[in-house]
Every structure is written in structure tokens, then in C-alpha cells.
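Participant: Output the structure for:
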Amino acid sequence: MEKWIGTNTKRFWLFCISLLVAVSRFAITKLGLEHLAPMTDETRLGKRLRNREEEEPYLPGVTPLYRLLMPPAIIGFLASVAIFAGASFQNSPFTLKIPGSWYFGIPAPSPIQGTMAPPGQGLFIGVVMVYGGMLILIRAWYDIVKIVSRHPGVPVSRLVPIFVAWMLPMLVVAPLFSRDMYSYAAQGEMMSHHISPYRYGTATLGQGPFTTSVDKLWQYVPSPYGPVFLTVDAWIVEATGHNMLASVEGLRLLALLGVTLFGFAIPIIAKTFGRDGAVSFSLAVLNPLIILHLIGGGHNDALMLGLLAVGYALARKGHPIWGVFVCGVAGAVKVPAIIGSLYIGWEYLGPKKSVKERILPVFGALALTTVVIAASAAVVGLGWGWIGGLSNPDTVRSWLDPATGIAIYGAKFIALLGLGNHVSIFLTIARGGGLALAAVLCYRLLLKSEEVGSLWAMGWSMLLVVVLSPVVQPWYASWGFVFLAPVAVGATRKMIVILSAISCYVGLPGGRVLLHEITIANPWLVATTSFALVVIFVLILLPRFAVSYKPRAEIGGRFDMESLEEDNSDTDLGTAREKAIF
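Facilitator: Below you'll find the predicted structure:
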């Protein structure tokens with residue numbers, strides 16, 4: 001009897017699996033989702049052949065670029081507006097909603113002293129608008145990347161209006177997904193009153209508009225930011241008449257300046273490597289992670305990346321000394337920018353040089369960077385106190401950081417065994433080990449940079465530092481993505497697209513709020529918005545979200561199987577094996 005039951009159970013599960021496979025194939029065929037199905041070697045080869053056939057260089061007056069770019073550009077703009085509107089709803093979990101934190105979208109005071117006003121039905125709609133808008137923006141960006149990949153040579157100037165349209169709503173929304181801009185403004189206020197942010201936290205300012213909106217976690221710790229950033233921060237506060245909201249908006253414009261700088265430099269860097277400037281611009285600047293977090297959130301990482309990209313571009317154009325100098329200025333904004341000086345020094349003597357020959361230029365570049373940072377600290381009069389503040393992010397214990405996650409769960413396991421609570425020890429070991437591993441891997445990439453490509457090694461080094469550092473924030477991933485963009489093709493390009501899309505959502509509030517609101521919101525409202533989300537999800541999966549354009553057969557020149565076979569060469573500098581357009 002047991003044998004009969006076991007045999008029939010197996011048959012039942014085999015039937016269910018077969019039915020699921022059949023239904024999946026039917027759905028893929030009927031909905032036009034063949035691009036999501038697993039590919040065999042023959043299918044993959046055929047796809048690469050079709051991609052080669054469809055690739056057509058951009059020709060002014062011939063390629064219908066306006067018709068190709070307009071649909072995703074408009075859809076991306078509408079998505080950005082939806083995110084702005086959803087985040088501006090009263091009690092939206094994506095922006096700070098206390099009196100005085102922004103010009104609009106602040107909930108009315110509760111009629112009962114000391115209590116919060118009920119969220120109301122608008123919160124549910126706002127959360128759906130933000131998450132749905134982000135999905136649509138990501139898909140619109142993906143289509144832009146595909147279009148410029150299939151038409152090499154598109155002028156970067158044709159993509160600038162798209163960037164302007166997508167980022168405009170982010171200039172007027174309250175600080176998005178983060179309260180860091182309020183901390184920046186408070187530190188600028190301290191600087192304007194000659195109070196060192198390296199010695200005191202923002203709570204020193206006492207009660208007032210500049211401190212009310214700062215996260216309590218950061219009110220009693222010194223600043224980890226460099227003297228150049230704090231100086232500019234103080235200038236902005238003074239220029240806005242010590243108005244907190246105007247200072248915050250000024251800091252957002254500073255972040256926009258940073259994005260503009262690397263938007264200008266990245267295509268130049270790409271061309272020095274023989275790559276397409278429009279593709280690199282679309283990956284680095286039109287990236288929703290940049291639009292939403294670096295501009296919407298106003299993080300000073302944008303200024304660091306902008307200066308770092310300009311410095312590296314100067315070096316690639318034959319001005320390494322100026323390049324190191326600008327990288328030093330970037331390092332006086334945030335420390336990770338020093339990696340630019342390291343790679344400029346490493347490449348100073350050109351290719352085919354031994355490690356021994358490269359040591360002197362590397363030390364020279366790092367010495368000049370140190371002089372620039374020290375000089376800026378001396379001129380400002382703040383000294384090196386910010387180095388101690390670099391450990392402040394350790395205050396945050398986030399599952400986003402692999403080292404922290406391993407330490408916390410390891411400590412919990414030890415505690416379950418009855419061996420006591422040793423979280424602090426585990427954190428110290430795990431985080432120290434993570435940084436040591438990052439240093440070893442970055443050193444290996446530096447040694448291999450001539451084989452794999454210097455910018456490729458530099459971009460991955462920055463990603464390794466992000467992943468293995470004591471704290472990880474979603475927008476930190478932009479450090480590596482921006483510098484991988486000029487040389488990213490194939491698998492690397494797919495990685496940037498996928499991880500950028502994931503990073504946009506990581507750590508965001510609103511998930512629990514959405515689930516809670518589903519249980520209490522109007523059923524018709526839930527049904528309508530759920531249907532809208534399903535429609536959005538289907539649109540995201542459809543392969544032809546953008547207007548299709550079938551290129552002429554003979555415009556791009558002849559190719560044959562031999563040229564395709566060359567794509568399998570195991571090199572990453574040429575990255576020939578990754579050249580298929582995704």
C-alpha cells in the first residue's frame with residue numbers, strides 16, 4: 001500500500017510539473033515573452049546573429065532617432081512625475097513628513113496633542129504610484145540603453161533632454177528615501193558659525209529648523225565628510241540666508257552639478273577606450289539609481305563621482321598631473337575617490353611596465369593627492385578630524401552589508417549554544433575581515449588591470465569596496481556602475497542594468513505600509529490599484545515597450561561566422577565575448 005501511495009505521489013508531482021511547464025510555454029508564446037525563456041546554445045547563437053544583423057550605426061537624417069527615443073523618454077518622464085506625486089502624498093513613507101521639513105505634502109497636525117493623524121486612503125495610492133513609477137522608469141531606461149546600443153554613434157546631446165525631463169521632478173520633491181540632506185544642511189550651518197563638525201554633532205546647534213529634521217542617529221556623531229564638501233556646504237547655507245529648506249535645495253543642486261560633471265566626463269572616457277559615448281551616458285547618467293537616489297536623495301556621492309570622473313578623464317586625455325589634482329579634490333569630498341589617483345599613477349608610464357617600475361608613479365600620485373587633501377584641510381582650518389568620523393557608518397547595523405549580516409547571525413548562533421552574547425566581537429572580526437578581503441581583491445585587480453582593462457578593474461574595485469565595507473547603502477553601488485559604464489558590454493552591461501534596478505528598491509520603506517493599507521483601504525481602491533500594478537508589470541515584461549525600428553539589411557557592413565567565433569575569446573579588455581546586444 002505504501003509503495004502504491006509513493007508511486008502515485010511521484011506521478012502526481014510529475015504531472016503538476018509537466019502541466020506547469022506546458023502552461024509556461026503557452027503563456028510565453030501567446031504573450032510574446034520568448035525573451036524570458038531559458039535559451040539553448042542554438043537559440044543563443046541565433047540571437048547573437050540577429051543582434052549583429054540588427055545593429056546599425058547612427059546616420060544623421062537616416063536613423064529615425066526622434067521616433068525611437070520619444071516613447072521611452074515620455075514614459076520615463078511620466079514615471080518620474082508619478083514618483084514625485086506619490087512621494088508628496090501626506091504621510092508618504094518615502095519622505096520626511098514633519099512640520100517644516102518641506103514646502104508641501106506635510107500632513108496637518110493631529111487634533112489630539114502627541115498623536116499622529118490617521119494616514120487616510122491617499123497613503124495606499126502614493127505607495128503604489130512610487131513603486132509602479134519606479135518600475136516604469138526602469139523599463140524606459142532599459143529601452144533607451146537598447147536603442148543606443150543598436151545604433152552606435154548616437155550623439156550624447158540627443159540624450160541630454162531625456163535626462164533633463166527625467167530629473168526635473170526630482171528637483172522639487174522632498175529629499176527622497178533618505179534624510180542625509182538635512183544632515184548636510186545642519187553641518188553647513190555649523191560651519192557657517194565656525195563650529196567644527198569634526199568635533200561636535202549637529203545637536204550642538206540646539207533646537208531649531210536645522211536639527212529637527214536630522215536623524216537622531218547622526219545628531220551626536222562627528223562628520224565623516226571631507227573639508228571641501230563641508231566648505232561648499234557652508235557657502236550654500238550662507239548664500240541661502242541660513243534658510244534650512246533653501247539650503248537643502250541648494251545641496252540638491254550641488255548633487256546635480258556632480259551628476260552633470262560625470263555626465264560630461266564619462267562619454268569622453270568611453271571614447272578614449274574606443275567605446276560608444278551614448279551607451280556609457282545612458283548607463284551612467286540616465287540610470288534610475290542616479291536619478292532617484294543621487295539627485296532625488298541629494299547625496300554628496302554625486303559630487304565625489306563627478307570630480308573623480310573629470311580627474312580620470314583629464315588623465316586619459318594626457319593631463320595626469322591635473323587628473324591627480326582633481327581626484328585629490330574629490331578625495332576631500334569622500335575618501336573612496338583616492339582610488340582614481342591610484343589608477344592614474346599605475347597607468348602613468350604606459351603599458352608593459354613591471355610592478356617595480358610602477359611603484360614610484362603610484363606613490364607620487366598618492367603623495368600629490370595627500371597634499372591636496374591636507375592643503376584643503378589647512379585652508380579651511382578643520383584639520384584631519386574627519387578621518388575619525390569615517391567609522392560613523394559602523395553605527396548602522398544593516399543586513400545589506402554581508403560582513404555585518406554574517407557577524408549578527410554568527411553571534412546569534414553562538415548565543416543559542418549558550419556561549420553568551422558576542423555581537424561586538426563578531427562585528428569587529430567580520431568587518432575587519434571584509435575590509436582586508438576587499439584590499440586583497442583590489443590589489444589583485446590592480447595587478448591584472450592591464451589584462452582586463454584599467455577602467456574595468458577600477459569599477460569592480462569600487463564595487464568590492466562597497467560590498468565588503470562595514471556599511472552598504474543602495475546608492476553606493478553607483479560608485480562602480482558609473483565607472484564600469486564606459487567599458488560595459490554584454491554580461492557586465494546586463495549586471496549594471498539588473499543590479500541598478502534592484503538597488504533602486506533595496507532598503508526602501510513602504511512595503512509594510514502597503515500590506516497594512518491593503519487590509520484597511522477601500523476594496524474598490526485596492527482592486528483598481530492592484531489591476532494598475534498588474535498592467536504595469538505586464539508592460540515591463542513586454543519585449544516591445546519602445547517603438548520598433550527594423551534597420552536596413554546592408555547598412556552596417558558584412559559579418560560572418562569567423563567574426564562571431566572571435567567573440568568567444570576569453571579577454572575582457574576587448575570584451576569580445578560580451579559584445580552581443582542584450
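Participant: is it true that L314 touches G323?
Facilitator: Yes: counting by CB atoms under 8 Å, L314 touches G323, with 3.9 Å between them. Heads up, the C-betas are built off the backbone N, CA and C, glycines and all.
Participant: These two: which is more packed in?
Facilitator: The neighbour comparison of L314 against G323 (other CB atoms under 10 Å) goes to G323, with 26 against 21.
Participant: Which residue comes closest to the more buried one once chain neighbours are left out?
Facilitator: A315 (3.2 Å; CB to CB, 6 or more residues apart in numbering).
Participant: And the pLDDT at the one you found?
Facilitator: A315 carries a pLDDT value of 94.
Participant: residues near it, how many?
Facilitator: The burial count for A315: 26, using other CB under 10 Å.
Participant: Starting from the strand or helix carrying it, tell me the next helix or strand along the chain.
Facilitator: Here A315, judged by DSSP states H and E, is contained in helix 301-316. Next in sequence after helix 301-316, counting helices and strands by DSSP H and E, comes helix 320-331.
Participant: Show the average pLDDT along the helix or strand following that next one.
Facilitator: With elements assigned by DSSP H and E, the helix or strand that comes after helix 320-331 is helix 338-347. Taken as a whole, helix 338-347 has a mean pLDDT of 93.
Participant: buried sites along helix 338-347?
Facilitator: Neighbour counts using 16 or more other CB atoms under 10 Å place 338-347 of helix 338-347 among the buried residues.
Participant: from the residues you listed, which is closest to G410?
Facilitator: Distances from G410 to these, taken as CB to CB, are shortest for I339 (30.0 Å).
Participant: Ramachandran angles for S213?
Facilitator: Backbone torsions of S213, given as degrees, to the nearest 10, read phi -90, psi -10.
Participant: whoops, F177 was the one
Facilitator: According to degrees, to the nearest 10, F177 has phi 70, psi 0.
Participant: Tell me the spacing between the closest residue to it other than its chain neighbours and W475.
Facilitator: Sequence neighbours aside, G297 is the residue nearest to F177 in space, at 5.4 Å (criterion: CB to CB, 6+ apart). According to CB to CB, to the nearest Å, G297 and W475 sit 7 Å apart.
Participant: What helix or strand is G126 located in?
Facilitator: Taking DSSP H and E as the definition, G126 sits inside helix 122-150.
Participant: List the buried residues in the helix or strand just after that helix.
Facilitator: Where DSSP H and E defines the elements, the next helix or strand beyond helix 122-150 is helix 160-172. Using 16+ other CB under 10 Å as the test for burial, helix 160-172 gives 162-163, 165-167, 169-170.
Participant: Dump those to TSV, plus pLDDT and distance to P152.
Facilitator: Below are those laid out as TSV (pLDDT from 0 to 100; distance: CB to CB, whole Å):
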residue	pLDDT	distance to P152
I162	96	18
F163	96	20
A165	96	24
W166	96	23
M167	95	25
P169	95	31
M170	95	29
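Participant: ok, how many other residues are close to the closest residue to L427 other than its chain neighbours?
Facilitator: Closest residue in space to L427, ignoring its immediate chain neighbours: A407 at 4.5 Å, by CB to CB, 6+ apart. Using other CB under 10 Å, A407 has 25 neighbouring residues.
Participant: Next: Y220.
Facilitator: Y220 sits with 12 neighbouring residues when counted by other CB under 10 Å.
Participant: my read: it touches G201, true?
Facilitator: Yes: assessed by CB under 8 Å, Y220 is found in contact with G201 at 4.1 Å.
Participant: returning to that earlier point: can you give the distance from the helix holding G126 to the centre of its chain?
Facilitator: Computed by CA atoms, centre = their mean, to the nearest Å, the chain-centroid distance of helix 122-150 equals 15 Å.
Participant: Would you confirm that V326 contacts L314?
Facilitator: Yes: V326 sits in contact with L314 when judged by CB under 8 Å, with a separation of 6.2 Å.
Participant: how about the helices in the stretch 401-550 of the chain?
Facilitator: Counting by DSSP state H, counting those that start in this stretch, the stretch 401-550 of the chain has helices at residues 402-416, 423-447, 449-452, 454-468, 478-484, 490-505, 511-520, 523-541.
Participant: So which bits of the longest one are buried?
Facilitator: In other words, helix 423-447. Buried positions in helix 423-447, judged by neighbour count with 16+ other CB under 10 Å: 426-427, 430-431, 434, 438, 441-442, 445-446.
Participant: now those residues as JSON lines including pLDDT and distance to T212?
Facilitator: Formatted as JSON lines, the entries for the buried residues of helix 423-447 read as follows, by pLDDT from 0 to 100; distance: CB to CB, whole Å:
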{"residue": "F426", "pLDDT": "73", "distance to T212": "36"}
{"residue": "L427", "pLDDT": "77", "distance to T212": "31"}
{"residue": "A430", "pLDDT": "79", "distance to T212": "35"}
{"residue": "R431", "pLDDT": "77", "distance to T212": "32"}
{"residue": "G434", "pLDDT": "82", "distance to T212": "35"}
{"residue": "A438", "pLDDT": "88", "distance to T212": "37"}
{"residue": "L441", "pLDDT": "92", "distance to T212": "42"}
{"residue": "C442", "pLDDT": "91", "distance to T212": "41"}
{"residue": "L445", "pLDDT": "92", "distance to T212": "44"}
{"residue": "L446", "pLDDT": "91", "distance to T212": "45"}
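Participant: Please dump the residues you listed into a markdown table; it should also carry distance to A377 for every row.
Facilitator: Shown next, in a markdown table, are those (distance: CB to CB, whole Å):
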| residue | distance to A377 |
| --- | --- |
| F426 | 35 |
| L427 | 30 |
| A430 | 32 |
| R431 | 26 |
| G434 | 28 |
| A438 | 26 |
| L441 | 30 |
| C442 | 25 |
| L445 | 30 |
| L446 | 27 |
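Participant: Widest-spaced pair of these?
Facilitator: Of all pairs drawn from those, the greatest distance, 30.1 Å, lies between F426 and L446 (CB to CB).
Participant: I appreciate the help and will end here.
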